[in-house]
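**Q** sequence below, structure please.
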Amino acid sequence: MKSVRAALGLCAVLALPALASAQATYTSQEREVETKSHSELLLWQQGTDPSTAPATATHTASDDHLTGAPDFTPFTAAVGSTAPPVVGPAVRDGDASASQTSSFSPQAITASASVSASGDALFPDAGVISAVNAILQPPVPYFFGYLRGSESGRSQLTVEFELSEPTPYTLVGSLAAGPGFPGFPSQFQSSTASLDLIGPGGTEILSDEVISCDCEHELDHEGVLAPGSYTLYLVAGSGVAPFCDFLSCNNYATDAAFDVSLSLAGAPVVPGPSRGLAALLGLALAAVGAAALRRA
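**A** Residues are numbered from 1 along each chain as shown. Presented below is the predicted three-dimensional model:
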């Protein structure tokens, strides 16, 4: 009985090399979340015509934030920006946010992210213009102005890895983009989420993207990756640029997200002759050993 069990253990050892899971070796990574908010106050002095003359003075203020992953360890981060006051009470509503949670393991890459941007433009009322004049003390008082600006959020993942043998993969998840202008003038309100998997020699393995569609796109891919170097890119971005046209002001809001899992946990495909033979021999001997145990 003991000799049969010992033989069974040897069979398992023979089979293991061909049935072991493939592993990714990570070589570089760049992961970051970023938000920006920029406000601009345009002012016209008395005696000028805002509909034809350029602004007499322009004042700006910004609130920007950026956080990145220092190494290959799990990364969780969130940043936010808020439209800052420009001069005294001259302030508008504006917010941007960006977050990401991601991790790497020998058999998987998982990442999720969300970003948003919203902002208003406005005509400051007489009280605000009066307060601005008191602070700036111009030789000729300002009588008219408007506040505009921009907000943006971005979450990005780039990771490079090596595979030493053919490896089955599955990639599942989703890309989502909020409302916007797919064409002109997309700079006023836009959102995008994209995925690219590039293989050896720059070969495109996968590419998906959603742009200002107010939609969510499901991802469900599988296949076999050949040995070599790979790069996975994931990006979610949103941006707004509210403005005034002297008759009215425009306000915008949009968002974007990705949620992706790339599994590399399958057994290697088409092992070499020696490994394949070892696996077949091991499995065959295991079957004989199991039968002997049942008879005993």
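
**Q** now do the helices in the protein.
**A** For the chain, the helices defined by DSSP state H occupy 2-19, 126-136, 273-295.

**Q** need the residues that contact the shortest one.
**A** This means helix 126-136. 41, 43, 57, 87-90, 124, 141-145 (CB atoms under 8 Å, 6 or more residues apart in numbering). All C-beta spots, glycine's among them, are computed from the backbone N, C-alpha and C.

**Q** from the chain's centroid, how far away is it?
**A** On the basis of CA atoms, centre = their mean, to the nearest Å, helix 126-136 sits 42 Å off its chain's mean C-alpha point.

**Q** quick one: mean pLDDT for it?
**A** The average pLDDT for helix 126-136 rounds to 96.

**Q** in it, which residues are buried?
**A** Buried residues in helix 126-136, counted by 16 or more other CB atoms under 10 Å: 128-129, 132-133.

**Q** can you lay out those residues as CSV showing distance to Thr73?
**A** CSV is the format used below for the buried residues of helix 126-136 (distance: CB to CB, whole Å):
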residue, distance to Thr73
Val128, 48
Ile129, 52
Val132, 48
Asn133, 53
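
**Q** closest to Ala256 out of these?
**A** Val128 (33.4 Å; CB to CB).

**Q** the closest one and Phe258, how far apart?
**A** Going from Val128 to Phe258 by CB to CB, to the nearest Å gives 40 Å.

**Q** and what of Arg92?
**A** Taken as CB to CB, the span from Arg92 to Phe258 is 30 Å.

**Q** now do stretch 188-197, average pLDDT.
**A** Rounded mean pLDDT across stretch 188-197 is 96.

**Q** to clarify, my last question referred to stretch 141-148.
**A** Averaging pLDDT residue by residue across stretch 141-148 gives 96.

**Q** how far away from the center of its chain is it?
**A** 38 Å.

**Q** what about the stretch 51-200 of the chain, any weak spots by pLDDT?
**A** Residues of the stretch 51-200 of the chain meeting the criterion pLDDT under 70: 182-186.

**Q** more neighbours: which of Arg92 and Phe258?
**A** Phe258 (27 against 24; other CB atoms under 10 Å).

**Q** which residues does the closest residue to Ala90 other than its chain neighbours bridge with?
**A** Nearest in space to Ala90, with sequence neighbours left out and distances taken as CB to CB, 6 or more residues apart in numbering, is Leu41 at 5.0 Å. Beta-bridge pairing for Leu41 (DSSP bridges): His59, Leu147.
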